[in-house]
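In: sequence first, then the predicted structure, then my questions.
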Amino acid sequence: MRQSFLMNDRIYLRAVEPEDMDVMYEMENDPSMWDISNFTVPYSRYVLRQYIEGSQCDVFADKQLRLMIVGKSEHCILGTIDITDFVPLHSRGEVGIAVHKDYRQQGYASDALKLLCEYAFDFLSLSQLYAHVAVDNENCMRLFTSCGFTQCGLLKNWLQVGGCYKDAALLQYLNPKKLK
């Protein structure tokens, strides 16, 4: 068995700490990121502090898990990766990932997604992960498919961005150890 699920030679994933407030505040309040989330108003520091303090960092208790993506060499925060909408009965959760604009296109998202999938399947024993991705978001589609996700559906007019509706691909990754 692996010694550590949440690290590779370039990054590690860790629980959210109170010191992460400034980076989370910046990323959550970046309007360019709102079209990939379901939230369209700014987060206050108060709300973020309550989230950090209230989280048990246990996907089974919180029904979600947020991890910080951290660069190993300088211990700088590169972004966040989440499992949300976790349903224990069906052993599945939705994946979300956000990389800070200064660290995009450097392979960190791929590293983080691979680590999260290994952790979800090999340690948490989840049966599947899924993601909703705008079909015109080529980088994100490439990220998820390169990490084992396959498109299993198309949601018409799923996302509203700038007054226009966009289709979203439903991508799914089934735990290979739990396939019939």
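Out: That came through fine. Numbering: from 1, shown residues only.

In: quick one: low-confidence parts of the chain?
Out: The model of the chain has pLDDT under 70 over residues 1-3, 32-41, 180.

In: helices of that one, residue ranges please.
Out: Under the criterion DSSP state H, the chain contains helices at 21-28, 45-54, 59-62, 108-118, 138-146.

In: which one of these lies closest to Ala15?
Out: If you check each of the helices of the chain against Ala15 by CB to CB, helix 45-54 wins as the nearest, at 9.5 Å. No exception for glycine: its C-beta is placed from N, CA and C like everyone else's.

In: just want the angle from the closest one to helix 21-28.
Out: Interaxial angle of helix 45-54 relative to helix 21-28 (axes from the mean of the first three to the mean of the last three CA atoms, to 10 degrees): 120 degrees.

In: which residues does Met7 bridge with?
Out: Beta-bridge partners of Met7, counted by DSSP bridges, are Tyr12.

In: mind listing what it touches?
Out: Applying CB atoms under 8 Å, 6 or more residues apart in numbering, we find Met7 in contact with Leu13, Lys72, Leu115.

In: which residues touch the last one?
Out: So the one you mean is Leu115. Counting by CB under 8 Å, 6+ apart, Leu115 touches Phe5, Leu6, Met7, Asn8, Ile11, Leu13.

In: for the second one, phi and psi?
Out: Just to be clear, that refers to Leu6. Leu6 adopts backbone torsions of phi -110, psi 30, taken as degrees, to the nearest 10.

In: how many residues are close by the closest residue to it other than its chain neighbours?
Out: Once flanking residues are discounted, Leu6 sits nearest to Leu13: 4.2 Å by CB to CB, 6 or more residues apart in numbering. Per other CB atoms under 10 Å, the neighbour tally for Leu13 reads 22.
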